[in-house]
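>>> please work out how this folds:
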Amino acid sequence: MTSVPEAKKAEGPLTEEMRHLLLRAQEGDQAVLPELQQLLDARPELWRAFGNVAAHARDALVALGSGKSLLARESILRRMRELETELTGPAPSPLEKLLAERIVICWLQTYLADLDAVHKDRAETRQACHAQRRASACQGRYLSAIRALAQVRKLLRPLLSPLQLLKAPVAETGSTTKHGHEQNPRNTAGATR
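Have a look, this model is predicted:
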């Protein structure tokens, strides 16, 4: 039986009746659906916790990477939070938050796949080939997520106003003659027509 997460203190603790309802819902009891919907409407922190698939994926990957070590678990979680903070910056858009979260999950998945491939390479079996393919696939998803964040940031960058465009320095495309006329780069002799 899956455990029911404790509600945030701001929303108040779960009653025994609420816990029983949530456990019945987790077991697939269709009869509790109307009551469950009312509870989730009244307590959105519950559906946010249960529905946060990214957090479930993160927790599963951290458990895979840390095993029983609480030191490894806490260290990995802290590093992931640090990376996500670095990636999101001070005022991220919702899309940037989602992509930063995805990058961090792919980051962990990529390095776990790399570790698995290193351990299996020593055996030189079909498992080693599979581990290498998995590591390559993880690397591809990781780089794809990074590219997506970079593209979104480029698209979200505010456009320059006409005044800002007028003030912007313009790079010269060709050299000018001593009379101020632009010289044709193909015509190196500088002859006029």
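>>> report all helices and strands that the helix or strand Leu71 falls within contacts.
Using DSSP states H and E, Leu71 maps to helix 70-88. Packed against helix 70-88 by the contact rule (3 or more Cβ pairs under 8 Å, 6 or more residues apart in numbering; DSSP states H and E) you find helix 53-66, helix 94-121. (Each C-beta comes from the backbone N, C-alpha and C, glycine too.)
>>> and if we set it to 10 Å?
Contacting helix 70-88 under the criterion 3 or more Cβ pairs under 10 Å, 6 or more residues apart in numbering; DSSP states H and E are the following elements: helix 53-66, helix 94-121, helix 126-156.
>>> in that helix, what's buried?
By neighbour count with 16 or more other Cβ atoms under 10 Å, helix 70-88 contains the buried residues Arg73, Ile76, Met80, Glu84, Leu87, Thr88.
>>> what pLDDT does the fourth one get?
It refers to Glu84. pLDDT, Glu84: 96.
>>> for the last one, same thing?
Here, the pLDDT recorded for Thr88 equals 94.
>>> assess the claim that Ala54 and Leu108 are in contact.
No - the criterion here is Cβ atoms under 10 Å, and Ala54 misses it with Leu108 at 11.8 Å.
>>> lowest-confidence helix or strand of this structure?
Using mean pLDDT, DSSP states H and E, helix 162-167 stands out as the lowest-scoring helix or strand of the chain, at a mean of 79.
>>> with just CA atoms, put that one into PDB.
Extracted C-alpha coordinates of helix 162-167, given in PDB (Å, rounded to 0.1, in the frame of the first residue of the first chain):
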ATOM      1  CA  PRO A 162      13.100  51.800 -32.800                       C
ATOM      2  CA  LEU A 163      14.900  54.300 -30.500                       C
ATOM      3  CA  GLN A 164      17.200  51.500 -29.200                       C
ATOM      4  CA  LEU A 165      17.900  50.400 -32.800                       C
ATOM      5  CA  LEU A 166      18.900  53.900 -33.800                       C
ATOM      6  CA  LYS A 167      21.300  54.100 -30.800                       C
END
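>>> what's next to stretch 58-65, contact-wise?
52, 72-77, 80, 84, 101, 104-109, 111-112, 115-116 (Cβ atoms under 10 Å, 6 or more residues apart in numbering).
>>> now swap in stretch 83-90 and tell me
Contacts for stretch 83-90 (Cβ under 10 Å, 6+ apart): 58, 92, 96-105, 107-108, 145-146, 149, 153.
>>> got the contact list for the most centrally placed residue in the chain?
With distances taken as Cα atoms, centre = their mean, the residue of the chain nearest its centroid is Arg102 (2.2 Å). Arg102 makes contact with Ala54, Ala57, Leu87, Arg141, Tyr142, Ser144, Ala145, Ile146, Ala148, Leu149 under the criterion Cβ under 10 Å, 6+ apart.
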